[in-house]
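In: Let's see this in three dimensions:
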Amino acid sequence: MEEFSGGGVPPPPPPSERPRPHPPALPNIWEVEDGYVAHPFLRPRRLRALPFQLELARQGIEGSLLVVLPTGLGKTVIAALVAAELLRRSDRRVLVLAPTRPLVQQHSASFADWLIPLRTARFTGTVSRPVREGSWNRCDLLFATPEIVRNDLKAGRYDLADVGLIVFDECHHAVGKYAYVPIAERYLSEGPADRRI
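Out: Residues are numbered from 1 along each chain as shown. The predicted model follows:
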């Protein structure tokens with residue numbers, strides 16, 4: 001290290017020697033009770049408090065987030081934690097998209113097990129248009145296959161202006177002409193400014 005001699009202010013240290021700033025302190029969103037996550041929109045003692053899931057969910061609340069984890073490590077849990085907090089904070093709905101009807105049913109069942117009772121609906125090819133149109137404005141939490149939502153948006157049956165979060169399960173499908181692509185484009189253009197993906 002060179003010795004500084006002369007007047008004035010010494011030069012700053014090289015980047016490798018500079019102190020790293022601490023991230024800003026964030027309010028604690030979840031309480032942990034006996035190893036389980038406690039939150040007003042979660043059922044008691046349903047979700048184990050795993051620090052990495054809580055941290056990823058916190059990041060998802062602060063802004064849009066892409067979570068890539070191996071199967072079984074809790075991507076759906078992270079989505080449910082983000083959804084619970086965003087539903088608590090606002091009256092905007094949450095839309096969970098999955099590429100197949102069985103995945104839509106699986107996510108719907110998981111969220112129903114973990115979250116407090118909310119107004120929910122599932123939109124798949126087996127649900128008629130009039131039922132979907134009526135359900136859209138009455139629900140807090142919607143689970144759907146992307147083709148149904150894309151077609152309904154295109155037909156003007158509803159819009160995404162009051163959707164606070166869209167979860168794209170299996171998001172690696174979001175290429176080319178797959179239905180995730182026009183939904184995401186539409187959400188970016190008409191969704192609220194504080195939207196989350």
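
In: And stretch 39-53, end to end?
Out: 14 Å (CA to CA, to the nearest Å).

In: Would you mind measuring the gap between the ends of stretch 67-79?
Out: 9 Å.

In: do the same with stretch 38-49
Out: 9 Å.

In: Kindly report the same for stretch 55-71.
Out: Stretch 55-71 end-to-end distance (CA to CA) = 18 Å.

In: What are the boundaries of the strands in this structure?
Out: For the chain, strands defined by DSSP state E occupy the ranges 31-33, 36-38, 93-97, 120-123, 141-144, 163-168.

In: so which of these gets nearest A112?
Out: strand 120-123 (7.0 Å; CB to CB). Where C-beta positions appear, they are placed from N, C-alpha and C, glycine not excepted.

In: Give the rounded mean pLDDT of the closest one.
Out: Averaged over strand 120-123, pLDDT sits at 95.

In: which residues are contacting it?
Out: With contacts defined as CB atoms under 8 Å, 6 or more residues apart in numbering, strand 120-123 is touched by 104-105, 108, 111-112, 127, 132, 135-136, 138-145, 148-149, 152.

In: How about stretch 134-154?
Out: Here stretch 134-154 makes contact (CB under 8 Å, 6+ apart) with 83, 87, 93-101, 104-105, 107-108, 111, 115, 118-125, 127, 129, 132-133, 157-160, 178-180, 182-183, 186.
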